[in-house]
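Chemist: pasting a predicted model and its sequence here:
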Amino acid sequence: MPSSAEPLIRFEGTAKTYPDGTVAVGDLDLDVREHELLTLVGPSGSGKSTLLRMVNRLVEPTAGRVLVDGRDVATQDPVLLRRGIGYVIQDIGLFPHRTVAQNVATVPGLLGWDRRRTQDRVAELLRLVGLDPTVHGPRYPHELSGGQRQRVGVARALAANPRVMLMDEPFGAVDPEGRRALQEEFSRIHDELGTTVLFVTHDIDEAVLLGDRVAVFSQGGRLEQVDSPIRVLTRPASPFVEKFIGASSAVRLLSLTTLSPADLTPGSAPAPARALRVGDSLEEAFAALATSPDGVVAVDGDDGAPAGTLTLAGLHAALRRSVREEAAAPA
Ligand SMILES: Nc1ncnc2c1ncn2[C@@H]1O[C@H](COP(=O)(O)OP(=O)(O)OP(=O)(O)O)[C@@H](O)[C@H]1O
């Protein structure tokens, strides 16, 4: 779903220094647009979790403010605030003695929904995350795989249809194969629901695959760059970002992946400064887009006839496709 320009979450000079003097987040200004999935990526200790936890008041800033929908969270009751914000963490923290269905029904229960509405919502959500309400609903968390438990965590966080989801390394403990499946499904769910998501990861490939934008942090919670995935990969804003993405498979994929007709929008671009051809690399495609005044580049087919146009969104779709294909390919 396309992101609108209005920020739903705003960090305004936000900082957190822990009592022992550790600066976890330093003087941050950052807007999160409604409907966007913003990934927060950086090495261990770069303040990502602290940042996330300041949104739902699990951590209080030592300077600045965090606004959700224009309201300073510090003025809101933390319990009510958290009911409106989904929160998913790595070790999901499902209630072990409650069934999957009861776990997902937690927030609707707190909100006083009637039984019928809650049951319908639980079934809908379990199906949404790829579980069968009849089979998995009555089970207890220990009767599920790690990946399935994470799915339940996502369903539980989505139960009351929150406008904001905070996700802290949600798929970090899942094996690589299960992790890729979860990423793809979550990407689809996000496109469908348009929930505004802040997603913490230390994996640049995950950040690029899932994010509409990517925010890269270094030690001391310093924001090095916030940009589209393609721009972060191809135009790192600092030596730190360059080094951080250095080993990313996504960078290699830009040079190895070629444009296919599926990435194009039908139609033609006005007076192309530089036309691309199906089969050109994504690196060439990015260079052409970067110099195009209106962000649209004409693409010719193998036969030299116009095949359509490419935008940054198309380029990102192509990159996502290649990341998925690489993950599916035998090692
Ligand atoms: N309660 C605390 N008291 C003191 N220091 C803390 C506390 N919580 C976090 N820190 C420190 O703040 C810094 C940022 O931690 P944070 O967990 O936010 O980083 P992170 O980027 O999420 O790291 P990771 O990827 O390892 O989870 C680290 O140096 C950490 O040791």
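Modeler: Happy to help now that I have it.

Chemist: so how far is the lowest-mean-pLDDT helix or strand in the chain from its chain's centroid?
Modeler: When each helix and strand of the chain is scored by mean pLDDT, DSSP states H and E, helix 249-256 comes last, with a mean of 73. If you compare the mean C-alpha spot of helix 249-256 with that of the full chain, they lie 20 Å apart, counting by Cα atoms, centre = their mean, to the nearest Å.

Chemist: list the buried residues in that helix.
Modeler: Of the residues in helix 249-256, those buried under the neighbour-count criterion (16 or more other Cβ atoms under 10 Å) are Ala250, Val251, Leu253, Leu254. In short, each C-beta sits where N, CA and C put it, glycine included.

Chemist: what helix or strand is the nearest residue to Ala63 once chain neighbours are set aside located in?
Modeler: Spatial nearest neighbour of Ala63, chain neighbours left out: Ala15 (4.1 Å); criterion: Cβ to Cβ, 6 or more residues apart in numbering. Taking DSSP states H and E as the definition, one finds Ala15 inside strand 7-17.

Chemist: can you list the domains in the protein?
Modeler: Residue ranges for each domain of the chain read 7-247, 253-328, as given by automatic domain parsing.

Chemist: run the chain-centre distance for the last one.
Modeler: Looking back up the chat, that one is domain 253-328. If you compare the mean C-alpha spot of domain 253-328 with that of the full chain, they lie 23 Å apart, counting by Cα atoms, centre = their mean.

Chemist: in the stretch 151-300 of the chain, which spans are helices?
Modeler: Taking DSSP state H, counting those that start in this stretch as the test, the helices found in the stretch 151-300 of the chain are 176-193, 204-210, 229-234, 239-245, 249-256, 282-290.

Chemist: give me the pLDDT for the nearest residue to Val154 once chain neighbours are set aside.
Modeler: Nearest-residue entry for Val154: Val129, 5.4 Å, with adjacent residues in sequence omitted and distances by Cβ to Cβ, 6+ apart. The pLDDT attached to Val129 in the predicted structure is 86.

Chemist: now Glu184. Nearest residue, chain neighbours left out?
Modeler: Nearest residue to Glu184 in three dimensions, chain neighbours excluded: Arg324, at 6.8 Å (Cβ to Cβ, 6+ apart).

Chemist: which strand or helix spans the one you found?
Modeler: helix 312-328.

Chemist: tell me which residues of that helix are tucked away?
Modeler: Residues of helix 312-328 classed as buried under the neighbour-count rule (16+ other Cβ under 10 Å) are Leu312, Gly314, Leu315, His316, Ala318, Leu319, Arg320, Ser322, Val323, Ala327.

Chemist: gap between the fifth one and Gly304?
Modeler: If I follow you right, that is Ala318. For Ala318, the distance to Gly304 (Cβ to Cβ, to the nearest Å) stands at 21 Å.

Chemist: what's the answer for the fourth one, then?
Modeler: Plainly put, His316 is 26 Å away from Gly304 if you go by Cβ to Cβ.

Chemist: what of the second one?
Modeler: Taken as Cβ to Cβ, the spacing of Gly314 relative to Gly304 amounts to 20 Å.

Chemist: could you give the number of residues near whatever residue of the stretch 151-300 of the chain ends up closest to the ligand?
Modeler: Taking Cβ to the nearest ligand atom as the measure, the point where the stretch 151-300 of the chain comes nearest the ligand is His202, at 5.0 Å. By the other Cβ atoms under 10 Å criterion, the neighbourhood of His202 contains 18 residues.

Chemist: can you pull the contacts of it?
Modeler: With contacts defined as Cβ atoms under 8 Å, 6 or more residues apart in numbering, the neighbours of His202 are Val41, Gly42, Pro43, Ser44, Lys48, Glu169.

Chemist: still on that earlier bit, OK, contacts around the residue nearest to Glu184?
Modeler: Residues touching Arg324, when contacts are defined by Cβ under 8 Å, 6+ apart, comprise Arg180, Glu184, Leu209.
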